[in-house]
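# Quick one: sequence and predicted model below, then my questions.
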Amino acid sequence: MKNSDNNKRIPLNIPYLKGGEKKYILECIKSNWVSSVGPFVQEFEKKFSSYLECNYAVACSSGTAALHLALLSTGIKKNDLVLVSDLTFIASVNVIRYVNAEPILIDASQNSWQIDVKILENFLEQNCYLNGKYCYLKKNKKRVFAVLAVHILGYAANISKIKFLCKKFKLKLIEDAAESLGAKYNSKYIGTFGEAGCFSFNGNKTITTGSGGMLVTNSKNIARLAKHLSQQAKSNNNQLSHNMIGYNYRMSNIHAALGLAQLKELNQILKKKKSIASFYYKNLVLYKDISFAEHYKNTISSNWLITININTKKIKLKLDEIVNKLLFKGITTRKLWQPMHLSEPHKKSKYITTNNVSNALYKTCLSLPSSASLSKSDQIKVINTFKKVISLNEKS
Ligand SMILES: Cc1ncc(COP(=O)(O)O)c(C=O)c1O
C-alpha cells in the first residue's frame with residue numbers, strides 16, 4: 001500500500017546496527033574464517049552465557065533450530081506430550097511435531113497474555129498422574145514430557161509458577177525466550193529457569209545476527225548433546241563418521257561476528273526500548289478503550305514489541321482496518337499471531353481453555369513501532385496518528 005504522503009514509513013522493529021558490526025565482519029573476511037568453523041562462534045557462546053549468567057550456550061542457525069535441539073537434547077521421545085502456549089509464533093509448536101511428539105495447547109491469560117498458569121495447573125491436577133520418574137495423561141497413558149513456555153512480546157511469563165508445576169509433575173521446562181532477551185524475573189534472566197532456554201537472533205529480534213539462535217542451559221550433558229546434534233553428530237575422532245542422525249544447525253563465523261557486535265549494544269537497546277515503552281504507556285494509558293498487558297510481580301520486560309489491547313467493539317473498527325489506516329499514514333503496526341488452535345497445521349491438536357482468551361486477544365491486540373532507533377518525533381507521530389485514526393476518548 002502507498003503512503004498518503006511521501007514521508008518514509010515508520011517500521012515496526014528494525015535492527016539497531018551502530019557500526020561496530022563492520023569491524024567484526026571484516027575480520028572474518030580478512031582471516032578467511034567465514035563458515036561454521038571460526039573463533040567468533042565460541043566467543044559469542046561464551047559471552048552470551050556469561051551475559052545471561054548461565055553455564056553453557058550453543059549457537060545455532062535459528063531460534064527454531066535451538067528449540068528443536070532443546071527437545072532432542074532433553075530426551076523427548078516419539079508420542080510424548082508437550083504443554084505449550086497457544087498464543088505464540090508457530091515455530092514453538094512446529095518443533096514439537098518435528099520430533100513426532102504431540103502439543104497440548106494452553107490458552108493465554110486475560111491479564112498477562114502469557115500462558116495461563118491456572119489452566120496449566122488445573123489440567124495437570126485433573127488429567128495427569130505420576131508414576132516413577134514421569135508424568136502421564138490419564139486418558140491414554142502417554143508420557144507428558146515437558147512444558148514449553150513461551151515468553152511472548154518481550155514480557156516474562158509466570159515462570160516461578162511454571163517452574164513449580166514442572167517440579168511437582170516431574171516435567172522438563174523448556175523456555176522459548178526468542179522474544180524476551182534481557183527480560184528478568186527476580187533479577188534472574190528469562191531463559192535460564194529450566195533445562196534449556198532458546199533465543200532468536202532473527203532480523204526483528206532484540207539483537208540480530210541476520211538469522212540465528214542460541215540454546216542456553218546449565219547442564220553439561222544437554223549442552224554437549226545439543227552441540228553434537230547441531231553439527232551432524234560427528235564421531236569424536238573421525239570427522240567423516242557419524243554416530244547419530246544430526247542436523248546442520250550450526251551458526252557461521254560471520255553470523256557470530258554480528259552477534260558479538262550486537263551483544264555490546266544489548267544494554268543500550270534495552271534502555272532505549274524501556275524509554276519508548278514508558279512513553280507509549282504514559283500517552284495511551286489515559287484512554288478507556290486501550291489497555292496494556294499486566295506484568296507479573298518482580299519481572300522486568302525487554303519490551304520487544306510494545307503492544308496494546310484495543311476495545312475494537314467500542315470504537316467500531318476492526319483491527320485490520322486500523323492496521324491498514326495506519327499503514328496508509330506511513331506507520332507499520334502488526335497484529336498478534338493467529339492462535340495455534342486455529343492454525344491449519346495445529347488445529348487438530350488438543351486445546352485447553354476456559355474462555356478462549358487467545359482468540360479475543362488475536363482480534364484486539366496491536367503491536368506498535370518498537371525499534372530501539374525510533375526517534376521521539378516519530379513516536380509522537382505514531383501516537384497522534386493512532387489517536388486520530390481511532391478517535392480515542394479519555395477515561396472519565
Ligand atoms: C516465540 C518465538 N519462537 C520461536 C521463534 C523462531 O525463531 P527464528 O525465526 O530465529 O527461527 C520466534 C521468532 O521468529 C518467536 O517469536
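The structure has been received and is ready for your questions. Residues are numbered from 1 along each chain as shown.
# Please give me every residue in contact with residue 153.
Counting by Cβ atoms under 8 Å, 6 or more residues apart in numbering, residue 153 makes contact with 113, 179, 180, 293, 304, 305, 307, 367. In this view, the C-beta of every residue, glycine as well, is placed from N, C-alpha and C.
# Show me what from the protein comes close to the ligand.
Counting by Cβ under 6 Å from any ligand atom, the chain comes close to the ligand at 62-64, 88-89, 91-92, 150, 176, 178-179, 200, 202, 213.
# Now that we have those residues, which of them are buried?
62-64, 88-89, 91-92, 150, 176, 178-179, 200, 202, 213 (16 or more other Cβ atoms under 10 Å).
# Among those residues, which ones are in strands?
150, 176, 200, 213 (DSSP state E).
# mind putting the buried ones among the residues of the chain next to the ligand in TSV, pLDDT included?
TSV is the format used below for these (pLDDT from 0 to 100):
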residue	pLDDT
62	98
63	98
64	98
88	98
89	98
91	98
92	98
150	98
176	98
178	98
179	98
200	98
202	98
213	98
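# How far off centre is stretch 267-283?
Centre-to-centre, stretch 267-283 and its host chain are 19 Å apart (Cα atoms, centre = their mean, to the nearest Å).
# which residues touch it?
Identification of contacts with stretch 267-283 by Cβ under 8 Å, 6+ apart yields 16, 154, 182, 206-207, 292, 301-304, 306, 308, 368, 370, 372-374, 376, 379, 383.
# repeat that for 6 Å
16, 182, 303, 306, 372, 374, 379, 383 (Cβ atoms under 6 Å, 6 or more residues apart in numbering).
# mind giving me the domain split of the chain?
Per automatic domain parsing, the structural domains of the chain span 20-262, 267-337+349-390.
# Pull up the distance across the shortest one, start to finish.
What it means is domain 267-337+349-390. By Cα to Cα, to the nearest Å, the extent of domain 267-337+349-390 from end to end equals 34 Å.
# Name the residues linked to residue 147 by a beta bridge.
Beta-bridge partners recorded for residue 147 (DSSP bridges): residue 83, residue 173.
# Residue 178 is in contact with residue 151, correct?
No - the pair residue 151 / residue 178 is not scored as a contact, 8.3 Å apart, by Cβ atoms under 6 Å.
# From residue 218, how far off is residue 355?
Going from residue 355 to residue 218 by Cβ to Cβ, to the nearest Å gives 36 Å.
# Repeat that for residue 13.
Residue 13 is 30 Å from residue 218, by Cβ to Cβ.
# same check, this time on residue 37
Distance of residue 37 to residue 218, computed by Cβ to Cβ: 26 Å.
# neighbour count winner among those two?
residue 218 (17 against 11; other Cβ atoms under 10 Å).
# And the lowest mean pLDDT element among the helices and strands of the protein?
Ranked by mean pLDDT, DSSP states H and E, the weakest helix or strand in the chain is helix 312-315, scoring a mean of 88.
# Could you check what's spatially nearest to residue 257, not counting adjacent residues?
Excluding its sequence neighbours, the residue lying closest to residue 257 (Cβ to Cβ, 6 or more residues apart in numbering) is residue 24, at 3.7 Å.
# Let me fix that, I meant to ask about residue 59.
Using Cβ to Cβ, 6+ apart and skipping the chain neighbours, the partner closest in space to residue 59 is residue 251 (3.8 Å).
# Please, which helix or strand holds residue 124?
helix 117-127 (DSSP states H and E).
# Give me the contacts around that helix.
Helix 117-127 is contacted by residues 106, 107, 138, 158, 161, 165, 169, 352 when judged by Cβ under 6 Å, 6+ apart.
# repeat for stretch 74-86
Stretch 74-86 is contacted from outside by 92-93, 96, 99-107, 115, 142-148, 150, 172, 195, 339-341, 358, using Cβ under 6 Å, 6+ apart.
# ok, for the residue of the chain found nearest the ligand, nearest residue in space, not its chain neighbours?
Closest to the ligand within the chain is residue 63: 2.6 Å, counting by Cβ to the nearest ligand atom. Residue nearest to residue 63 in three dimensions, not counting chain neighbours: residue 200, with 2.7 Å by Cβ to Cβ, 6+ apart.
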